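**Student:** From the sequence below, what's the structure:
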Amino acid sequence: MKTIIVDDEPLALDLLRSILSAIEDVEIIAECSNGRDAIAAVSSLHPDLIFLDIQMPGINGFEVVKAMQSDTMPMVIFATAYNQFAIDAFDLHAVDYLLKPFDPERIERAVQRAIERHSAPENHGGFKTPLIGAIEEITRRLDKESGAVSSPEEEIPEGIKRKLLIRDSGMVKVVPFDDIDWVDAAGDYMCVHALGETHIVRSTLRELLEKLDDKMFIRIHRSTVVNIERVVSVTRLQKGGSLLHLADGNSLRVSRNYREAIRSLFQ
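**Tutor:** Residues are numbered from 1 along each chain as shown. Next up is the predicted model:
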């Protein structure tokens, strides 16, 4: 199984890597130390399994899960130091978890359960619902315990013309429109692919489109936007479909609902 491990603690990453590397059916394809990198890795690598730390600065493990697309959702094994009420919620919704500090035998048992679930076709695509159920219950309990009230997210400053402003770890990155190759949705987050890098933006696709130049960026799928100036060639497919080849080496398929927009552009 293609596996990604995510933890902001280097020692935890080292231990997971050591244990998982000894399991024959597990192939570690990426290691991430924060939520942003995890979202990008899941979007681009399509793992079968992800070991996901919950408590991380910035985007936490719960937010990473919410950002994943249901149809490409990997199995998730949470790593947690939360107290008993959170564990009860995981058990209630049949969500697997590992308690910190890690127990190697517990990790091996969790992997074996994941392998069994992965081999059952009826489970594919149905991993997100129990995860969201557990997350919502834990969030409610945490809010009740602390009396916390969520506050609106701080607005990103007004953009500079022909540039996209991306907030990242307390800083604001300025990404010129010309550098953006394409954008794809990952739940409540957008993956902005620019010059070989992937930037994570907390936004809906509609909100992001309002910030971009509509003469430059077009929608080719319900979850994908492409910079037409980065398209180097188009391959016509059977039944009227198209495949766009970008300057960054990626190829993106145009869905049927959006092929008319492409046809008018490249006539």
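
**Student:** can you list contacts of stretch 185-196?
**Tutor:** Identification of contacts with stretch 185-196 by C-beta atoms under 8 Å, 6 or more residues apart in numbering yields 39-40, 42-44, 63, 66-69, 164, 166, 175, 179-184, 198-205, 208, 223-224, 248, 250. Using the backbone N, CA and C atoms, a C-beta is placed for each residue, glycine as well.

**Student:** quick one: average pLDDT of it?
**Tutor:** The average pLDDT within stretch 185-196 is 83.

**Student:** Would you indicate which residues of it are buried?
**Tutor:** For stretch 185-196, the neighbour count (16 or more other C-beta atoms under 10 Å) marks Ala185, Ala186, Gly187, Tyr189, Met190, Cys191, Val192, His193, Ala194 as buried.

**Student:** Pull the most distant pair out of these.
**Tutor:** Farthest pair in those (C-beta to C-beta) is Gly187 and Ala194. Separation: 20.1 Å.

**Student:** any idea which residue sits dead centre in the protein?
**Tutor:** By C-alpha atoms, centre = their mean, the chain has its centre lying nearest to Ile39, at 2.8 Å.

**Student:** That one in helix, strand or coil?
**Tutor:** Under DSSP: H, G, I helix; E, B strand; the rest coil, Ile39 falls in the helix class.

**Student:** In contact with it: list those residues for me.
**Tutor:** Ile59, Val64, Ala67, Met68, Ala186, Tyr189, Cys191, Ile200.

**Student:** Restricted to helices, list those residues.
**Tutor:** Secondary structure from DSSP state H places Val64, Ala67 of the contacts of Ile39 in helices.

**Student:** Closest to Asn257 out of the contacts of Ile39?
**Tutor:** Nearest to Asn257 among the contacts of Ile39, with distances taken as C-beta to C-beta, is Ala186, at 20.1 Å.

**Student:** Kindly provide the distance from the closest one to Tyr97.
**Tutor:** 23 Å (C-beta to C-beta, to the nearest Å).

**Student:** go on, Ala79?
**Tutor:** Counting by C-beta to C-beta, the separation of Ala79 from Tyr97 is 7 Å.

**Student:** The two: which has the busier surroundings?
**Tutor:** Ala79 (23 against 20; other C-beta atoms under 10 Å).

**Student:** Report the beta-bridge partners for the more buried one.
**Tutor:** Beta bridges link Ala79 to Asp53, Leu98, judged by DSSP bridges.

**Student:** isn't it right up against Leu13?
**Tutor:** No. Ala79 is beyond contact range of Leu13, at 10.3 Å (criterion: C-beta atoms under 8 Å).

**Student:** Need the overlap of contacts for those two.
**Tutor:** With C-beta under 8 Å, 6+ apart as the test, Ala79 and Leu13 both reach Asp7.

**Student:** check contacts around the closest residue to the residue nearest to the centre of the chain other than its chain neighbours.
**Tutor:** Spatial nearest neighbour of Ile39, chain neighbours left out: Ala67 (4.9 Å); criterion: C-beta to C-beta, 6 or more residues apart in numbering. By C-beta under 8 Å, 6+ apart, the residues touching Ala67 are Ile39, Ile59, Ala186, Gly187, Asp188, Tyr189.

**Student:** wait, the second one sits on Gly35?
**Tutor:** Spelled out, that is Ile59. Yes. Contact status for Ile59 versus Gly35: in contact at 2.8 Å, counting by C-beta under 8 Å.

**Student:** Could you check which of those two is surrounded by more residues?
**Tutor:** Taking other C-beta under 10 Å, Ile59 and Gly35 do not tie; Gly35 has more neighbours (25 against 20).

**Student:** State the distance from that one to Pro104.
**Tutor:** With C-beta to C-beta as the criterion, Gly35 and Pro104 are 25 Å apart.

**Student:** With Gly241 instead?
**Tutor:** 49 Å.

**Student:** in the stretch 51-200 of the chain, what spans have low per-residue confidence?
**Tutor:** Counting by pLDDT under 70, the stretch 51-200 of the chain has low-confidence residues at 82-95, 120-128, 138-161, 168-172.
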